[in-house]
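Colleague: starting from these lines, generate the structure:
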Amino acid sequence: MFEHRRHIEVLAQAGVTFDRAALAGGGARSPHWPPVFADGLGVPVTVAQARETGALGAVIAASVGVGIHVDEAAAVARMTRPACTFEPDPQMRAHYDRRYEIWNRAIRAMEPVWRDLAASETEG
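Modeller: Sure thing, here's the model as predicted:
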């Protein structure tokens, strides 16, 4: 979840804004991960009703390609449904903010290790 939060912060620095997130895949099936994402990201997190969202994406694209839907937005509106939405718990914000800072310190501390590993791959 913290790496997702870091990606969102990079996008925010580039001017992208968002006020909600969607979660799909294995983590979305857990009763625990969606509320953790909502709390850690500080935005509502919606879980899709579809269990195989990758396959659904292919069907959406195909439906546009063969003319069933006029565009992707129309296909998505017709073929997707939210299962539920998890609202962030404001009382958990400080908890995740503290841990996010610790996680960022750990990532920064690992930078020399990642550089050494990358250099060792080019050594042969």
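
Colleague: okay, the lowest-mean-pLDDT helix or strand in the chain in PDB with CA atoms only?
Modeller: Counting by mean pLDDT, DSSP states H and E, the weakest-scoring helix or strand in the chain turns out to be helix 26-29, with a mean of 86. Extracted C-alpha coordinates of helix 26-29, given in PDB (Å, rounded to 0.1, in the frame of the first residue of the first chain):
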ATOM      1  CA  GLY A  26      -6.300 -10.700  -5.200                       C
ATOM      2  CA  GLY A  27      -6.100  -7.900  -2.600                       C
ATOM      3  CA  ALA A  28      -9.600  -6.700  -3.500                       C
ATOM      4  CA  ARG A  29     -11.000 -10.100  -2.500                       C
END
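
Colleague: which other helices and strands contact the next helix or strand after that helix?
Modeller: Downstream of helix 26-29, the first helix or strand assigned by DSSP states H and E is helix 33-41. Applying 3 or more CB pairs under 8 Å, 6 or more residues apart in numbering; DSSP states H and E, one finds that helix 33-41 contacts helix 2-13, strand 21-23, helix 26-29, strand 45-48, strand 82-86, helix 93-122. The way it works is simple: take the backbone N, C-alpha and C, and place the C-beta from them, glycine included.

Colleague: closest one to I60 among the ones you listed?
Modeller: Closest to I60 of the helices and strands packed on helix 33-41 is strand 45-48 (CB to CB; 12.0 Å).
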